[in-house]
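Participant: pasting the sequence and the predicted model now:
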Amino acid sequence: MFKRRGWTEKVYLLNLIYVMVVIQEVLILSVLYPDSPIVEECNIILPAIFAELTTFSGFIVWKNKNENMQKFKGGK
């Protein structure tokens, strides 16, 4: 019923969950303490976690592409 996932997919899922949790915490902090200096520092954290998520996504696409290329070359 469920497909077994590889190690990279599990790490990617954990990374995605981490990013979502950080975004929720930043939104809660910005609503509760709008004039706090912590919210100003969160403006630096948000682009950094999105950059990290984008880099990791690019790595997974590159890795899957290379694995599929090896399958197609080996199958001929």
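Facilitator: Cool, the structure landed. Residues are numbered from 1 along each chain as shown.

Participant: any weak-confidence spans in this protein?
Facilitator: For the chain, residues meeting the criterion pLDDT under 70 lie at 1-2, 74-76.

Participant: tell me the centre residue of it?
Facilitator: Centroid check for the chain by C-alpha atoms, centre = their mean gives L53 as the closest residue, at 3.3 Å.

Participant: now it, nearest residue through space, not along the chain?
Facilitator: V19 (5.2 Å; C-beta to C-beta, 6 or more residues apart in numbering). The C-beta positions use only the backbone N, C-alpha and C, and glycine is treated the same way.

Participant: check which residues of the strand or helix carrying L27 are buried.
Facilitator: Element membership for L27, per DSSP states H and E: helix 7-32. Buried positions in helix 7-32, judged by neighbour count with 16 or more other C-beta atoms under 10 Å: Y12, N15, V19, V22, V26.

Participant: ok, longest helix in the protein?
Facilitator: Scanning the chain for the helix with the most residues, using DSSP state H, yields helix 37-75.

Participant: give the buried residues for that helix.
Facilitator: Neighbour-count burial for helix 37-75 flags C42, I49, L53, F56, I60 (criterion: 16+ other C-beta under 10 Å).

Participant: surely the last one and T8 touch.
Facilitator: Yes: here I60 reaches T8: they are 5.8 Å apart, a contact under C-beta atoms under 8 Å.

Participant: re earlier: show me which of the buried residues of helix 7-32 is closest to K65.
Facilitator: Nearest to K65 among the buried residues of helix 7-32 is Y12, at 15.2 Å by C-beta to C-beta.

Participant: now that closest one. Nearest residue, chain neighbours left out?
Facilitator: In space, and not counting its chain neighbours, Y12 is closest to I60: 5.8 Å by C-beta to C-beta, 6+ apart.

Participant: what's the helix holding L27 packed up against?
Facilitator: In terms of contacts (3 or more C-beta pairs under 8 Å, 6 or more residues apart in numbering; DSSP states H and E), helix 7-32 is packed against helix 37-75.

Participant: that'll do, ta.
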